[in-house]
Every structure is written in C-alpha cells, then in structure tokens.
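>>> when you get a sec, could you give me coordinates for this:
(2 chains)
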Amino acid sequence: MAQLRPEMILADCLDRLQSGATIADCLARAGDRADDLAPMLESAAQLQAVRRLGLSVEERAHAKAALRATLARNRRNALASQDRRQRPAWNAWWGQARGLALAGMLVAILFVGAGVTSVAASRPGDVTYPLRTTLERAPALWQTSPAGRAQTELNVAERRLADVTNRLQATGQVEPAAVNALLAGDEAAARHVIALPDSERAAVSQRLATHAETLSALARSVAQPGSGQTLEEAAGRASALAERLAAGAERPIGSPTPSPTPSPSPAAAGPDRVLPSVTPTATAAPTPTPAPAADVEREPPSPQPTPAGRVIAPGQRATALSQTATAAASPSSTATATATRAAPAATASSPIGGPSGTVLPGLRATALAQTATAQPPSPP
Amino acid sequence: MAMQQAINDSLIADLVMGCQRGETAAVERLYDLYADRLFRYLLVRVGDRDTAADLTTELFLRVLQHIGSFKLNRERPAATVSAWLYRIAANLAAEHHRSQWRRPWISLENLGLRPIQEPGPDSLAERHEELGQLADAMSALSEEQRLVVIAKFVEAMSNSEIAIWMGKTEGAIKSLQHRALRTLARTLRSQTQQPRQTWLSYARK
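Numbering: from 1, shown residues only, chains lettered A, B, ... in the order given. Sure, this is the predicted structure:
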C-alpha cells in the first residue's frame, strides 16, 4: 500500500469507511501514511455526520407554502401580462378602426365642402341651383318677427331677380327655377306682412311692385316669345301681390288655392257655355292681368281685350280664360284670378257668393274656381 | 447511488416541464427530491441550520423565477437540473458570505468574553460549533472540490457516480477528493489551534 499514490490510498480508506470499517482500522493498514491520512479521515467523518441532517417537517411545509404563494402570484402576473398582450391587439384594431373613421370623416368633409362650394357657386341652369335657392331662404326661418322674415324673403327674392337678369343678359334665356324662386319669395314676404300695419305692408308692396316692373321690363326686352310670356306672368303675379297688399287683402296670401280645372264643365260655364267650335288657339295668349275680385264682380259681360289685343266673345271667355290658366306655368294666383273672371254665372249660383252676390275679396277666386271645378255638368 | 435513487431522467424532464407550466404538484415534487440534498450542501457552506433552511427555500423560489428560461439538456436531464440547482445554491452561499462580510460582527472570544450558549443539550452547541468550523474550512476549497467531498461524504455517492455526475473521470474525482480532504484537514487543524474565525475570515473568502 505504501507504493500506492496518496489519493489512491485515501480512496481505499474511504471505501473501507463507507463499508463500515473504523478510522483506526484504516490507519492500521495505511502504515507510514497513517499520519497523513488521519486528519483527512477525521475531516471525512466530520462531513459524514452532516449526512444525517435534513429539513424538518415544519421547514418543508413553510417552504412549500412560500412556493405555492409564488406560483399563485406568477399565475396572476401571467394573466395580467396576457391581458397586456391582448390589449395591444385591441388597440391595433381600434387604431385601424379609428384611422378608417378619420379617413371616412375626412372624405365626408371633403364631399360636403365640395358640395357646399358647388351649391354656393351655382348659377341659374346648374343642377344645384334649385338647392341654392332653397337654402338661401333658410335664414328667414330664424327671424323672429314677421317683418324680419318678410325683409329676408324680399332680399333673397331680389337675388333671384338679379339671377334672372344676369341669365337673360348672358344667354337671352329665362331660367324658370329662378323666376319661381323669386315669386315664392315674394309670396312668402307678402304672407308674412299681410297682418301687419299699413306702413309695413306698403313698404313690402312697393318692393313687390318694383319686382313686377323689373320683370315687365325684362319681358319687353326678351326676343323669345316663350321667355317673354314667362316673365309677363311672373310680373303679373308680383303685381297682384303688391296690389293685394296695398289693398289690405283679408285672405292670407299663399294659402292653399285649388287650381282651376283645366277644362271647366258646361255647367260651370252657365249661360256663357263655350261652344265646341271655339278654337283653342285663342287661349294661347297669356292673361297676366291681375283682377281684383271686386273689379271682376262689377265687370260687365262685355268683350275684353287681351293683353295681346285680341277680343274674346263673352260666350268664349270661360273656356278661353280657363285654358289660359291651364297654359300658365304655375297654377297660382294668376290662374285663380282668371278663373274668377271666367265664371260670372257660377258666382250667382254659388253658395259661397250668396244671394246678394257679395263674396269676400280674398275668397272669391278660390270659391269660384272650386265651383267651376266641383259642379257636375248639367245636360244642355 | 443515493443521489439518484429517486431521480431518473424522464422524471426530471417531466417535472421541469411541469414547473415551467406552473404546476404546483411538479414544483413540490421537485422540492421533495432535491430539498434535503441542497439543504445539506448549504448547511456545510454556511454552517447554520436556520440559515441553510431559509436559503433552501430561497433557492427554490429562484428556481421558480428562472424555470421558464431554463434549457433542459434532453440527453442528461437529471444531471443538467442537478448542476443548475447546485450552481444556484453556490451563488446563494456566496451571497450569504458577502452579506456576512458587510455586516460587522465581532467574535465574543475576541472580546475576551465567553459565548452565551444556546439553551438545550451541550451536543447541540458543540454541533453548531463544529458546523461553523466545517463551513469555514469548506470555504477554503474550490467549488469542484466542495462538490466532490459533499457528494462523496454527505450524499454517499460512489466515485463512479460522482464522475458521471460531474462529467469527469474517476481518477480525476479521486484526485479532487484527495486534495480537498487534505486542504480541509489542514484548515480544520489550524482552526483548532486558534480561536474561532472572526469576520476577517469571511473577508478572506
């Protein structure tokens, strides 16, 4: 054993110790190496004493409780981090949706802006011009006083008059939309001031008369007969409104008025029944003359010259004037006034007119037109 | 083969995967397998039972903290896990020694006073003293030498088992063992010839 290397001798001794031998036995076999081996074997024995030590039950339970608490905390953290991982996905979706929404809003704003610009810059004849004429009347809605509304409507109507004038000068044509918008503004203005004092009515009436004069002047300057007719009719309606305001008409202006029947029945015509032989060419001429009801009532059944200078026989007047109303661009006050003239006989038999024949000025045109329309034809 | 009687590669692989999934049962099973071994290692390193127990718990808490990033060697799962656990234990022991060094304490013997012995049998106080001396002596060894002597004498592993565990030849293990015991014996003998180490001994570690 003395020839063996020291580590081999030690290993042999340690194996013997593990097999149950004592340190003394090992040292006895080590010979002159015993002095060197002794402290090492004692150290080994000291280490082997630790082999018997271990954790107590309480220490193990305490440690496992700490481990379980840590695991539970780790699970909560994992769930929280999972939420955080999911949240960016939701955020990304929301970001995309928000981007799309913003893009959509931008496009909408561009479209609306372009539309508003197009409408604001539209001229008579454009597709968006009717929308412009409607929108420009909107400020009248938030005027609190009737006079203010009337002024706003008149201002807008004068813009339409300017549109008509400019269009006529530029192209020589009349824009019906502008004319209709002008008349709508005039009627609205008259409707707003009808119940106001005379001074305010007179001011509006004066402006309406100015419109009528301008339209008449324009009508005279137009070379095309159709355009001139439209302007004459519009001038007549404006003039009628002005006169009615000046006279203090009792019927609210712009109230629903039944349009005259295009072809009055023979019964409505009464004694002035139109003969079938009357040619409709006689009705081609416009009849813009505004006829106050009182004047019509006093009017004798004599032949009247039309604005075109033509003379219509009394028996032909109903048909001729009714057809004139039919030929008018819009079945409004002009046609109503015409129908009033056309049925003097119907006035006498009308329950509205009464036996005395006194009809309220504002109601006469409507009543007579209704009579002409509603009465069934009687046999000849 | 005391170290690996209850440990085999497939079991360790399953336990590690269970721990990585956060399964309480797997964590507790791993604790049951390794806790006493690591406790004894730490006891030999720090020389105090309560400290060793606390450090053992701390060791497994660190295992839970890092198990997610632990890469298991599929060829030697048990050896990989064991090496990892002992490395953590060695780090904990080193941290403990550093914290003891930072904490100034003076031995009662150096002050000329007799230490107040803990209540209980005398053997307990003697055992405590012996453990302290042994821990001091173990600090003079290299980590390989410490592992060899602990595996050999504390865990009762054979040289061949230690060789496999540490990835060395059996001759290398015997050589490490011899040098470790010689250093250990020399250190222990010097400790008996002079009073217990002061904090300066920790400063040298």
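>>> mind listing what's buried in the helix or strand containing B:C19?
Assigned by DSSP states H and E, B:C19 belongs to helix B:9-20. Residues of helix B:9-20 classed as buried by neighbour count (16 or more other C-beta atoms under 10 Å in any protein chain shown): B:9, B:12-13, B:15-16, B:18-19. In this view, the C-beta of every residue, glycine as well, is placed from N, C-alpha and C.
>>> can you give me the helices for the stretch 1-150 of chain A?
A:6-18, A:23-30, A:34-50, A:57-120, A:129-135, A:146-171 (DSSP state H, counting those that start in this stretch).
>>> mind putting those into JSON lines with distance to chain B, mean pLDDT and mean neighbour count?
As requested, the helices of the stretch 1-150 of chain A are exported to JSON lines (distance: least, C-beta to the nearest C-beta, whole Å; pLDDT from 0 to 100; neighbours: other C-beta atoms under 10 Å in any protein chain shown):
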{"stretch": "helix A:6-18", "distance to chain B": "3", "mean pLDDT": "80", "mean neighbour count": "19"}
{"stretch": "helix A:23-30", "distance to chain B": "12", "mean pLDDT": "82", "mean neighbour count": "16"}
{"stretch": "helix A:34-50", "distance to chain B": "3", "mean pLDDT": "83", "mean neighbour count": "19"}
{"stretch": "helix A:57-120", "distance to chain B": "4", "mean pLDDT": "85", "mean neighbour count": "12"}
{"stretch": "helix A:129-135", "distance to chain B": "68", "mean pLDDT": "84", "mean neighbour count": "17"}
{"stretch": "helix A:146-171", "distance to chain B": "77", "mean pLDDT": "88", "mean neighbour count": "19"}
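>>> make TSV from these and add distance to B:R37 to it.
What follows is the helices of the stretch 1-150 of chain A, written out as TSV (distance: least, C-beta to C-beta, whole Å):
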stretch	distance to B:R37
helix A:6-18	18
helix A:23-30	25
helix A:34-50	11
helix A:57-120	13
helix A:129-135	91
helix A:146-171	99
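>>> if we can go back for a sec, centre of the chain to the helix holding B:C19, how far?
23 Å (C-alpha atoms, centre = their mean, to the nearest Å).
>>> what's the mean pLDDT across the next helix or strand after that helix?
Sequence-wise, the next helix or strand downstream of helix B:9-20 (DSSP H and E) is helix B:24-46. What helix B:24-46 shows for mean pLDDT is 92.
>>> can you give me the buried ones in helix B:24-46?
Under the neighbour-count criterion of 16+ other C-beta under 10 Å, helix B:24-46 has B:26-31, B:33-46 buried.
>>> out of the buried residues of helix B:9-20, flag the one nearest to chain A.
B:C19 (9.2 Å; C-beta to the nearest C-beta).
>>> distance-wise, check the closest one relative to B:D36.
18 Å (C-beta to C-beta, to the nearest Å).
>>> so B:N8 makes contact with B:R76?
No. The pair B:N8 / B:R76 is not scored as a contact, 11.4 Å apart, by C-beta atoms under 8 Å.
>>> the two: who's more crowded?
Shown here are B:N8 and B:R76; by other C-beta atoms under 10 Å in any protein chain shown, B:R76 has more neighbours (16 against 11).
>>> could you report the pLDDT at that one?
With respect to pLDDT, B:R76 scores 84.
>>> that one: what's its closest spatial neighbour, skipping adjacent residues?
Closest residue in space to B:R76, ignoring its immediate chain neighbours: B:D9 at 7.0 Å, by C-beta to C-beta, 6 or more residues apart in numbering or on different chains.
>>> same question, A:A223
Using C-beta to C-beta, 6+ apart, the closest residue to A:A223 is A:G172 (6.8 Å).
>>> for that neighbour, give its distance to chain B.
89 Å (C-beta to the nearest C-beta, to the nearest Å).
>>> list the contacts of that residue.
A:222-224, A:227 (C-beta atoms under 8 Å, 6 or more residues apart in numbering or on different chains).
>>> take the residues you listed and keep only those in helices.
A:S227 (DSSP state H).
>>> show me which of the contacts of A:G172 is closest to B:H178.
Closest to B:H178 out of the contacts of A:G172 is A:S227 (128.6 Å), distances taken as C-beta to C-beta.
>>> before we move on, what SS does the closest residue to that closest one other than its chain neighbours have?
Nearest residue to A:S227 in three dimensions, chain neighbours excluded: A:V174, at 4.0 Å (C-beta to C-beta, 6+ apart). Three-state assignment for A:V174 (DSSP: H, G, I helix; E, B strand; the rest coil): coil.
>>> against A:E187, how distant is A:V174?
19 Å.
>>> with A:N155 instead?
15 Å.
>>> ok, the most centrally placed residue in chain B - contacts?
By C-alpha atoms, centre = their mean, chain B has its centre lying nearest to B:Y41, at 2.1 Å. Going by C-beta under 8 Å, 6+ apart, B:Y41 touches B:86, B:89, B:93, B:150, B:154.
>>> widest-spaced pair of the residues you listed?
B:A93 and B:V154 (14.1 Å).
>>> all helices of chain B, in order?
B:9-20, B:24-46, B:49-66, B:77-102, B:122-138, B:143-149, B:159-166, B:170-193, B:199-204.
>>> let me see the mean pLDDT of the shortest one.
Taken as a whole, helix B:199-204 has an average pLDDT of 44.
>>> picking that back up, between B:A93 and B:V154, point out the one with more neighbours.
The neighbour count for B:A93 versus B:V154, taken as other C-beta under 10 Å, is higher for B:A93 (26 against 22).
>>> so what pLDDT did the more buried one get?
B:A93 is given a pLDDT of 92.
>>> list the contacts for the closest residue to it other than its chain neighbours?
With C-beta to C-beta, 6+ apart as the criterion, B:A93 has its nearest non-adjacent residue at 3.8 Å, and that residue is B:R45. Contacts of B:R45 were listed using C-beta under 8 Å, 6+ apart, and they are B:52, B:89-90, B:93, B:96, B:135, B:138-139, B:146.
>>> any figure for the gap between A:A188 and B:L72?
Applying C-beta to C-beta, the value for A:A188 to B:L72 is 90 Å.
>>> those two: who's more crowded?
Using other C-beta under 10 Å, the more surrounded residue of A:A188 and B:L72 is A:A188, with 21 against 17.
>>> in chain B, where is pLDDT below threshold?
B:1-6, B:101-127, B:192-205 (pLDDT under 70).
>>> domains of it?
Residue ranges for the domains of chain B, per automatic domain parsing: B:1-104, B:106-205.
>>> same deal with chain A?
According to automatic domain parsing, the domains of chain A span A:1-121, A:145-250.
>>> any idea how far A:P124 is from the nearest residue to A:A177 once chain neighbours are set aside?
Spatial nearest neighbour of A:A177, excluding adjacent residues (C-beta to C-beta, 6+ apart): A:P130 at 5.2 Å. Going from A:P130 to A:P124 by C-beta to C-beta gives 10 Å.
>>> repeat that for B:V16.
88 Å.
>>> and A:G185, by the same measure?
Taking C-beta to C-beta, one finds A:G185 at 15 Å from A:P124.
>>> who has more neighbours, these two?
A:G185 (27 against 24).
>>> can you say which helix or strand has that one in it?
Going by DSSP H and E, A:G185 is part of helix A:176-193.
>>> report the buried residues of that helix.
Buried, per 16+ other C-beta under 10 Å, within helix A:176-193: A:177-193.
>>> would you turn the contacts of B:Y41 into TSV with distance to A:A21?
Below are the contacts of B:Y41 laid out as TSV (distance: C-beta to C-beta, whole Å):
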residue	distance to A:A21
B:Y86	29
B:A89	31
B:A93	32
B:I150	22
B:V154	19
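>>> from those residues, which is closest to chain A?
Nearest to chain A among the contacts of B:Y41, with distances taken as C-beta to the nearest C-beta, is B:V154, at 5.2 Å.
>>> my guess is that closest one contacts A:L47. True?
Yes. Using C-beta under 8 Å, B:V154 makes contact with A:L47 at a distance of 5.8 Å.
>>> overlap in contacts of the two?
Shared contacts of B:V154 and A:L47, defined by C-beta under 8 Å, 6+ apart, comprise B:V44.
>>> need phi/psi at B:S139.
Backbone geometry at B:S139, expressed as degrees, to the nearest 10, gives phi -70, psi -20.
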